[in-house]
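J.: Starting from these lines, generate the structure:
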Amino acid sequence: MMKRLALDELNLEGQPGAFAGTLMNSSRDLVAQVCQGDQEAFRLIFERYSRPVIGFIYDMVSDRELAEELTQETFVRAYRGIRGMNPETKLSTWLFGIARNVARESLRARVRASRHVDLEDKSVLDLSDNEPVPVDRLLSKELNELIRRSLAALDEDKRVVFTLKVFHQCSYEEIADITGFSLAKLKSDLHRARAEMRRRIKPYAGVGYEV
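T.: Residues are numbered from 1 along each chain as shown. This is a model prediction of the structure:
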């Protein structure tokens, strides 16, 4: 497992209200401020984008603790590389690109080490064994686990395209920027991923999940 990198190394633990003067700044303004050495601006970038980044990485690796670790690594790399960022690139697209590379490196390292992705969703319902479980909650838990297993069964390219489009509502242009895939490839990958996901969750059709 990758060595854990604490974000407090970047002095990102601030006091409440530390962003009062920069709260409404655009992403482009914040990037410019970071390039001038403003760590407060980077802390705000972290607060704005850490949730979608960790969600994306979790969809890739299916492990909550590992996703948190890789999110830290993503923002450490972002902080170190932000001065080289293309000013025409959307900040979210750039961060997702870093997150994708970090997740891919981790997955490949785990394969080389003959480790297996943990497919059990630890973040969804914490159901006690000695409590009666309502049917709708049980179905929700089973469906969530099935979705995780189905995502993990997709090949890497299809998983990242599906995750960005369906879960994060990225445009085709944004996905192409993040992945480097051609428009034709990502549309093909998305079509095949959706077909595979629909096939796998067919028993749950009509219970609130559509792909």
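J.: Check which helix or strand the closest residue to Glu156 other than its chain neighbours maps to.
T.: What sits nearest to Glu156 in space, not counting adjacent residues and going by Cβ to Cβ, 6 or more residues apart in numbering, is Arg104, at 6.7 Å. C-beta here means a position set from N, CA and C on the backbone, and glycine is covered the same way. Arg104 belongs to helix 91-112 when assigned by DSSP states H and E.
J.: One more: Ser150?
T.: Going by DSSP H and E, Ser150 is part of helix 135-153.
J.: so after that helix, what's the next helix or strand?
T.: Next along from helix 135-153, by DSSP H and E: helix 156-162.
J.: Quick one: list the elements packing against that next one.
T.: helix 39-61, helix 91-112, helix 135-153, helix 172-179, helix 183-200 (3 or more Cβ pairs under 8 Å, 6 or more residues apart in numbering; DSSP states H and E).
J.: Do me a favour and average the pLDDT over it.
T.: The pLDDT scores in helix 156-162 average 93.
J.: who's in contact with it?
T.: 59-60, 100, 104, 107, 151-152, 154, 175, 178-179, 181, 185-186, 189-190, 192-194, 196-197, 211 (Cβ atoms under 8 Å, 6 or more residues apart in numbering).
J.: buried subset of these?
T.: Neighbour counting over the contacts of helix 156-162 (16 or more other Cβ atoms under 10 Å) leaves 59-60, 100, 107, 151-152, 154, 175, 178-179, 181, 186, 189-190, 192-194, 196-197, 211 as the buried ones.
J.: so how far is Pro87 from Ser26?
T.: Distance of Ser26 to Pro87, given as Cβ to Cβ, to the nearest Å: 12 Å.
J.: Ok, Glu105 next?
T.: In terms of Cβ to Cβ, Glu105 sits 26 Å off from Pro87.
J.: higher neighbour count, these two?
T.: Per other Cβ atoms under 10 Å, whichever of Glu105 and Pro87 has more neighbours is Glu105, with 13 against 8.
J.: Show me the protein divided up by domain.
T.: Following automatic domain parsing, the chain resolves into domains at 1-118, 133-206.
J.: Out of the ones you listed, which gets the lowest mean score?
T.: The minimum mean pLDDT among those belongs to domain 1-118 (a mean of 80).
J.: just to revisit the earlier point, how about CSV for the helices and strands packed on helix 156-162, with distance to Leu30 added?
T.: Converted to CSV, the helices and strands packed on helix 156-162 look like this (distance: least, Cβ to Cβ, whole Å):
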stretch, distance to Leu30
helix 39-61, 5
helix 91-112, 8
helix 135-153, 32
helix 172-179, 19
helix 183-200, 28
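J.: helix or strand for the closest residue to Ile57 other than its chain neighbours, which one?
T.: Excluding its sequence neighbours, the residue lying closest to Ile57 (Cβ to Cβ, 6+ apart) is Ala67, at 4.5 Å. Here Ala67, judged by DSSP H and E, is contained in helix 64-81.
J.: and that helix, what other elements does it pack with?
T.: helix 39-61, helix 91-112.
J.: Done for today, thanks.
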